[in-house]
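*Asks:* pasting the sequence and the predicted model now:
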Amino acid sequence: MKMVGLYAVSFASDIEAEVKRIFRQQWEKSKATTVPEPENIALEKNEGKEIENGTVLYADLSGSTNMVQAKAAWFSAEVYRAYLYSAAQIIRNEGGVVTAYDGDRVMAVFMNDWPNTSAARCALRINYAVARIINPAIEAQYGAGTFTVKQVVGVDRSPLFVARTGVRGDNDLVWVGRAANYAAKLTEIGNDDPSFITGEVFDQLHDSAKHGGNPKQLMWRERQWSQMNNMRIYSSNWWWALP
């Protein structure tokens, strides 16, 4: 076999053949009523799971780039670990399934009995964990003014299509659908409020996740998402205490 640089001549041919096969092959689709596991979707062929409506949550640290530049690597790693551990535990407690970790953020999908209420409440509980557990722990260990964790959670719901992508021994699920994109983009709006949900999620909330306090008050304020044609969204700076 002739070698060019570090690669065999067939290397490009192998990739070309696989790419053509992916675009040529018909999809095998089936409905999913629970969050799929990677091993339940084929990697070697075009197979996908269709979810009629899934609620997606993204929890994202804010200002992590500045933190990494200004703080020691071990300190940044501690913040990452504390935040992602807390978020993942809260997600599981609320009936969500963690589907991916991406640097300083975590993605989860909710398909339980009350997915929108669970995900919205999850956002408020992550806010509680940051404000009442993580930041006080940093101050107690390292002193006041050392660092303040800020974060944003985004939630949306939509039909989803789930496929498996990558290569054998190194692959994962890819989530295709509006909710997967919008939930992530909601975290980029800013952290004046740490919790954002779309209008579709808000409309499906149980009243307990809409109103709180004594006397009862609406915990969410309506906004327009200018980057998305003034789409109706809601944000909140409330928190929900952990059990």
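*Replies:* Perfect, thanks for sending it.
*Asks:* distance check, the closest residue to W27 other than its chain neighbours against Q26.
*Replies:* Residue nearest to W27 in three dimensions, not counting chain neighbours: N46, with 4.6 Å by C-beta to C-beta, 6 or more residues apart in numbering. The C-beta positions use only the backbone N, C-alpha and C, and glycine is treated the same way. Note on N46: its distance to Q26, by C-beta to C-beta, to the nearest Å, is 7 Å.
*Asks:* show me the longest helix that occurs in this protein.
*Replies:* Secondary structure assigned by DSSP state H gives helix 73-93 as the longest helix of the chain.
*Asks:* residues in contact with R132?
*Replies:* By C-beta atoms under 8 Å, 6 or more residues apart in numbering, the contact set of R132 is W239, A241.
*Asks:* could you look up the SS state of it?
*Replies:* helix (DSSP: H, G, I helix; E, B strand; the rest coil).
*Asks:* so where do the helices sit in the protein?
*Replies:* Ranges of helices in the chain, per DSSP H, are 10-24, 64-70, 73-93, 115-129, 135-142, 178-186, 199-203, 207-210.
*Asks:* most packed of those helices?
*Replies:* Greatest average neighbour count among those goes to helix 115-129 (a mean of 25), per mean count of other C-beta atoms under 10 Å.
*Asks:* for that helix, what is the average pLDDT?
*Replies:* The predicted model assigns helix 115-129 a mean pLDDT of 98.
*Asks:* and that helix, what does it pack against?
*Replies:* strand 47-62, helix 73-93, strand 105-110, strand 150-167, strand 195-198, helix 199-203, helix 207-210 (3 or more C-beta pairs under 8 Å, 6 or more residues apart in numbering; DSSP states H and E).
*Asks:* how far is the third one from where the chain is centred?
*Replies:* Distance of strand 105-110 from the chain centroid (C-alpha atoms, centre = their mean, to the nearest Å) equals 3 Å.
*Asks:* repeat that for the longest one.
*Replies:* The gap between where helix 73-93 is centred and where its chain is centred comes out at 14 Å by C-alpha atoms, centre = their mean.
*Asks:* can you dump the C-alpha atoms of it in CSV for me?
*Replies:* Output of helix 73-93 as CSV, limited to C-alpha atoms (Å, rounded to 0.1, in the frame of the first residue of the first chain):
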residue,chain,number,x,y,z
ALA,A,73,-5.9,25.6,37.3
TRP,A,74,-6.6,23.5,40.4
PHE,A,75,-9.0,26.2,41.7
SER,A,76,-10.9,26.4,38.4
ALA,A,77,-11.1,22.6,38.4
GLU,A,78,-12.6,22.7,41.9
VAL,A,79,-15.3,25.2,40.7
TYR,A,80,-16.1,23.0,37.7
ARG,A,81,-16.4,19.9,39.8
ALA,A,82,-18.5,21.5,42.5
TYR,A,83,-20.9,23.1,40.0
LEU,A,84,-21.3,20.1,37.7
TYR,A,85,-21.6,17.7,40.6
SER,A,86,-24.4,19.8,42.2
ALA,A,87,-26.2,20.3,38.9
ALA,A,88,-26.1,16.6,38.0
GLN,A,89,-27.3,15.5,41.4
ILE,A,90,-30.2,18.0,41.2
ILE,A,91,-31.1,16.9,37.7
ARG,A,92,-31.3,13.3,38.7
ASN,A,93,-33.3,14.1,41.8
